[in-house]
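J.: Dropping the sequence and predicted coords here.
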Amino acid sequence: MAKARTLFLCSDCGGTSAKWEGRCPHCGAWNTLQETRESPAGSSGHRYAPLAASTPVRRLSDIEAREQARNPTGIEEFDRVLGGGLVAGAVVLIGGDPGIGKSTLLLQALASLSERGPVLYVTGEESSEQVALRAQRLGVSGDGVDLLAEIRLEQITQALVERRPGVAVIDSIQTLYSGELTAAPGSVSQVRECAAQLTRIAKQTGVTLILIGHVTKDGALAGPRVLEHIVDTVLYFEGDTHSSFRLVRAIKNRFGAVNELGVFAMTDRGLRGVSNPSALFLAGHSREVAGSCVMATQEGTRPLLVEVQALVDTAHVPNPRRLSVGLESSRLAMLLAVLHRHAGIATYDQDVFVNAVGGVRIMEPAADLAVALAILSSMRDRPLPAGLLAFGEIGLAGEIRPAPRGQERLREAAKLGFGLAVVPRANLPRQPIEGLRIQAVDRVEDVLGVLS
Ligand code: TYD
Ligand code: MG
C-alpha cells in the first residue's frame, strides 16, 4: 500500500507545497502553511464517498420538487434565522466571539428539540459537569438530552451512526481531532477534515448537525474559508458583550433567506428572544444632542431602527484618525472624500469617529446618509431636528441612491413616532404615510439644508 504523504496547505488560498515555508509560494501570504496529510490514492475511497446516493442522469422537470420538512427549534428568533427550522441532514455552522452565548443558545435549543426526538450534545470544551451546571442555571430539565464529552472524531462519528439522534451539536469544531492526521486540534487541516467527515455522516444518516466555530481576531470564522463552503448554513453571533443584546445573523443559508436577523437578550436564565426589536438600538437621549442620527436598516424581512453617532474633533497629529465601530471603515473614508469634493466639507484636519449604537453591525450602504448627517451635525455642533430619520446610499459622484424596501423602513419609523424622514428621491412613497413628513434629497449638497 502506498504511504500517505505529508503536504503543507495554505490557509488563505488553499495552495499546497511539499515542504514547509514561511511564505506561501502561491499567494505570497506569510505564515499560512500548515501540515496536512494527503491520503494515497485508492485508500481514500471510504473518506470521499459521494455525499448523496448516486442516481442516473434525469431531466430536471421530471424531478418532483419537495419542500424540505422543517424541525422548529421552538426558539422563535432562532427559527427565523434558520428559515423556519432545522432541515434533516443539514449542517449548520454557528460562529461568534467567546462568551457571547453560543453554548447557551444551543443547549436551550436542544432541550426544546428533545421533546420531539433524541438529541446529542457533544462537548469538547467543557466537562459534562459544567454543561450540567449550565443546564441547571437555564432551568432546562435535560431529560431528553444525551451528552458526550469527547474530542476524538472517530468516537463522535461512531456515536452519531449508532445513536442516530435527530439533532447533534458539536461544541466546538476547533477542539476536535482526527487520529488520521498528525496536526494539532484547531489547525486548518484538522478543522477541515473533521468538518468534511461530519458533513458526510450528516448527509448519509440524516442527522442535523450544528457545529460551533470560533472566530479569529478579525471576526472571521477560524479555519479555512472552505468550512463555509462545506456546510449548508452559516450563522454569526454578533453583539457587544457589554450589552445584553445578541444578534444572530444568517450569512449563508441553503434553506432560507440570508441576512435574516434573530435578536436575543441575555438574561440570568439564558437567551430570550426579542420579538419587537426595532427600538433596541436607539440611545434614547433625554435631550437633543449633536452628532447623532437615526437610520432605518432592513435586516432580512424586518426593518430595524439604529442610531448612528459621529464625533468630529480637531486632530493633533499629522494623520487624523478615522475610526468606525459597527460600520464599514472603508466606506467612512469614501464618504468623507465625497463630502469634501461635492459639498465642500473638509475634514483633513479632523479626527472622525463613527459608531452604531448597541453593538449592531450595519453593512448595507444605505447607512451612508445617516452617517453623513451625523458627521455634519457633530462638526457644526448642532443637533438634527427632533424625530428625524434618514437612509440612502451616497455615490462617488455625490448622488443619493435609493435603498431597497424603502416603504417598509418608512412605515416602521412612523410606527415608532418619527415625524421627519430624509430619503433618496426614488424612495418617496406613492401614498403619504400618516404622521411622517418626507424630505427627498438628490445630491449630497442637498443634505446640508437639513441642518439649517
Ligand atoms: P456561553 O454560551 O458559554 O458562550 P460561548 O459558548 O459563546 O463561549 O455564554 C457565556 C456567557 O453568558 C457568560 O459570560 C455568562 C453568560 N450567561 C448569562 O448571562 N446567563 C445565563 O443563563 C448563562 C447560561 C450564561
Ligand atoms: Mg461555549
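T.: Noted; the coordinates are in hand. Ligands and ions are numbered 1, 2, ... in the order given.

J.: now the residue in the stretch 301-450 of the chain positioned nearest to ligand 1, nearest residue through space, not along the chain?
T.: Nearest residue of the stretch 301-450 of the chain to ligand 1, counting by C-beta to the nearest ligand atom: residue 359, 14.6 Å away. (Glycine included, C-beta is placed from N, CA and C.) The spatially closest residue to residue 359, leaving aside those adjacent along the chain, is residue 240, at 2.8 Å (C-beta to C-beta, 6 or more residues apart in numbering).

J.: ok, is stretch 231-238 in contact with ligand 1 or not?
T.: No: Stretch 231-238 is not in contact with ligand 1 by C-beta under 6 Å from any ligand atom; minimum separation 6.7 Å.

J.: for that stretch, the distance to its chain's centre please.
T.: Centroid displacement of stretch 231-238 relative to its chain, using C-alpha atoms, centre = their mean, to the nearest Å, is 6 Å.

J.: Check stretch 97-106 too.
T.: 14 Å.

J.: Residues in contact with it: which ones?
T.: Stretch 97-106 is contacted by residues 75, 78, 94-96, 121, 125-126, 131, 134, 138, 169, 171-172, 210, 212, 214-215, 237-239, 241, 246, 248, 264, 266, 270-271 when judged by C-beta atoms under 8 Å, 6 or more residues apart in numbering.

J.: Buried residues, it. List them.
T.: Across stretch 97-106, burial judged by 16 or more other C-beta atoms under 10 Å covers 97, 100, 101, 102, 103, 104, 105, 106.

J.: Then stretch 246-259?
T.: 246, 247, 248, 249, 250, 253, 255, 256.

J.: For the third one, list each beta-bridge partner.
T.: Yep, that's residue 248 we're talking about. For residue 248, the beta-bridge partners under DSSP bridges are residue 237, residue 262.

J.: wait, it sits on residue 261?
T.: Yes: between residue 248 and residue 261 there is a contact at 7.2 Å, judged by C-beta atoms under 8 Å.

J.: Check the contact lists of these two and give me the overlap.
T.: With C-beta under 8 Å, 6+ apart, residue 248 and residue 261 have common neighbours residue 81.

J.: ok so, going back, filter the contacts of stretch 97-106 down to just the ones in strands.
T.: Applying DSSP state E to those, the entries found in strands are 94-96, 121, 169, 171, 210, 212, 214, 237-238, 246, 248, 264, 266, 270-271.

J.: Which among those count as buried?
T.: 94-96, 121, 169, 171, 210, 212, 214, 237-238, 246, 248, 264, 266, 270-271.

J.: now the residue of the stretch 151-300 of the chain found nearest ligand 1, nearest residue through space, not along the chain?
T.: Nearest to ligand 1 in the stretch 151-300 of the chain, going by C-beta to the nearest ligand atom, is residue 270, at a distance of 4.2 Å. Take residue 270 and drop its neighbours on the chain: the residue closest to it by C-beta to C-beta, 6+ apart is residue 138, 4.3 Å away.

J.: quick one: pLDDT of the one you found?
T.: Residue 138 is assigned 92 on the pLDDT scale.

J.: Hmm, residue 112 and it touching each other?
T.: No: the criterion here is C-beta under 8 Å, and residue 138 misses it with residue 112 at 10.9 Å.

J.: Overlap in contacts, the two.
T.: Joint contacts of residue 138 and residue 112 (C-beta under 8 Å, 6+ apart) do not exist.

J.: Just the pLDDT for the residue nearest to residue 359.
T.: Looking at residue 240, the pLDDT reads 76.

J.: ok, now residue 51?
T.: 53.

J.: one step back: what about the residue of the stretch 301-450 of the chain closest to ligand 1, how many residues nearby?
T.: 18 (other C-beta atoms under 10 Å).

J.: contacting residues for it?
T.: 238, 239, 240, 242, 243, 245, 247, 326.

J.: are any of those residues buried, and which?
T.: Applying 16+ other C-beta under 10 Å to those flags 238, 239, 240, 245, 247, 326 as buried.

J.: The last one contacts residue 356, correct?
T.: Put plainly, it is residue 326. Yes: assessed by C-beta under 8 Å, residue 326 is found in contact with residue 356 at 3.2 Å.

J.: Mind listing the shared neighbours of the two?
T.: residue 362.

J.: tell me the mean pLDDT for the helix or strand harbouring residue 423?
T.: Using DSSP states H and E, residue 423 maps to strand 420-424. Mean pLDDT, strand 420-424: 96.

J.: For it, which strands pair with it and how are they oriented?
T.: strand 388-390 (parallel), strand 437-441 (parallel).

J.: Need the residues that contact it.
T.: So strand 420-424 is contacted by 369, 373, 385, 387-393, 400-403, 406, 410, 413, 436-442, 447, 450 (C-beta under 8 Å, 6+ apart).

J.: Buried ones only from the residues you listed, please, as a ChimeraX command.
T.: Buried subset of the contacts of strand 420-424, written as a ChimeraX selection, criterion 16+ other C-beta under 10 Å:
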select :369,373,387,388,389,390,391,392,393,400,401,402,403,406,410,413,436,438,441,447,450
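
J.: any low-confidence regions in this protein?
T.: Applying pLDDT under 70 to the chain flags the ranges 1-4, 38-54, 216-226.

J.: At which residues are the strands of the stretch 1-150 of the chain located?
T.: 5-10, 16-17, 33-38, 70-71, 86-87, 91-96, 119-123, 145-149 (DSSP state E, counting those that start in this stretch).

J.: go on, the stretch 201-350 of the chain?
T.: Under DSSP E, counting those that start in this stretch, the stretch 201-350 of the chain gives strands at 208-214, 233-238, 245-253, 261-267, 270-273, 292-299, 302-314, 322-325, 350-356.

J.: how about the fifth one as PDB, C-alpha atoms only?
T.: These are the backbone C-alpha positions of strand 270-273, laid out as PDB (Å, rounded to 0.1, in the frame of the first residue of the first chain):
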ATOM      1  CA  GLY A 270     -30.200  32.300  29.300                       C
ATOM      2  CA  LEU A 271     -31.100  33.900  26.000                       C
ATOM      3  CA  ARG A 272     -34.600  35.200  25.500                       C
ATOM      4  CA  GLY A 273     -35.900  36.200  22.000                       C
END
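
J.: just checking, what packs against it?
T.: Here strand 270-273 touches helix 76-82, helix 102-113, strand 261-267, going by 3 or more C-beta pairs under 8 Å, 6 or more residues apart in numbering; DSSP states H and E.
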